[in-house]
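Enquirer: here are the coordinates; sequence isn't available:
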C-alpha cells in the first residue's frame, strides 16, 4: 500500500474548499497512521508552467505546511492532471510492484479524478477514503455537489474502492 497525496499545495489549500477543516484533519490522520505503520507516503505537485500560481519556484507550488513531506518521502512533479504521465511516478510504482494506492488530495474534479481513473487504467487498485479529497465551487456545481458526485457516484464500483475513514485507517495497518 502507498498513500498518494495529490496537489495539496499552498496555493490552493484554503477555506474556500468544501469542508476544508475536515479535509485537513482527515489527511493529517491518514498521514500519521501511514507513517506510524511504515506505509510509504508519496506527494505529487502540479506545475502549471511559467507565470502561473502553481509554478516551481513559487511558494504556492510547495506542499502545504499542514501536510509537509518528511525527509526521505518522495515528491513527484507533474504538468498535466494525471500524476502517471511523464512524472516518473508510474515507473517508480511499477518497479516497486505496488498495486494498492490510497489516494487523497486536490481537487476532486480535476487531478483527483484523473489520478483515480488513470490509476485504474494502469492496473492499480485505487482506494479513496471519505473526506480525503475536496474542491471548490464551480460554474456548474458547488464543491459539495462535486464531492458527492465523484465519491458517491462516479468512482465507486467503477474506478475505485471508496471507504469510510475508519476502514481506510484499518487498511493502512
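Expert: Yep, it's here. The structure displayed is predicted, hence computed values, not measured ones. Residues are numbered from 1 along each chain as shown.
Enquirer: Please enumerate the strands of the chain.
Expert: 2-6, 40-46, 74-78, 100-106, 125-129, 133-134, 160-163 (DSSP state E).
Enquirer: can you give me the angle the first one makes with strand 74-78?
Expert: Right, the one you point to is strand 2-6. Strand 2-6 runs at 40 degrees relative to strand 74-78, counting by axes from the mean of the first three to the mean of the last three CA atoms, to 10 degrees.
Enquirer: Let me see the residues that make contact with strand 2-6.
Expert: The contact list for strand 2-6 (CB atoms under 8 Å, 6 or more residues apart in numbering) reads 27, 30-31, 34, 39-44, 63, 67, 83, 93, 98, 100-106, 111-112, 115, 133, 172. Every residue, glycine included, has its C-beta placed from N, CA and C.
Enquirer: Show me which of those are buried.
Expert: 27, 30-31, 34, 39-44, 63, 67, 83, 93, 98, 101-106, 111-112, 115, 133, 172 (16 or more other CB atoms under 10 Å).
Enquirer: name the helices or strands packed onto the longest helix anywhere in the chain?
Expert: Secondary structure of the chain per DSSP state H: the longest helix is helix 20-36. If you count contacts as 3 or more CB pairs under 8 Å, 6 or more residues apart in numbering; DSSP states H and E, helix 20-36 packs onto strand 2-6, strand 40-46, strand 100-106, strand 133-134, helix 165-172.
Enquirer: sorry, back to before: export the strands of the chain as JSON lines, with columns for distance to residue 87 and mean pLDDT.
Expert: Output for the strands of the chain, formatted as JSON lines (distance: least, CB to CB, whole Å; pLDDT from 0 to 100):
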{"stretch": "strand 2-6", "distance to residue 87": "11", "mean pLDDT": "98"}
{"stretch": "strand 40-46", "distance to residue 87": "7", "mean pLDDT": "98"}
{"stretch": "strand 74-78", "distance to residue 87": "4", "mean pLDDT": "98"}
{"stretch": "strand 100-106", "distance to residue 87": "14", "mean pLDDT": "98"}
{"stretch": "strand 125-129", "distance to residue 87": "17", "mean pLDDT": "98"}
{"stretch": "strand 133-134", "distance to residue 87": "19", "mean pLDDT": "98"}
{"stretch": "strand 160-163", "distance to residue 87": "20", "mean pLDDT": "98"}
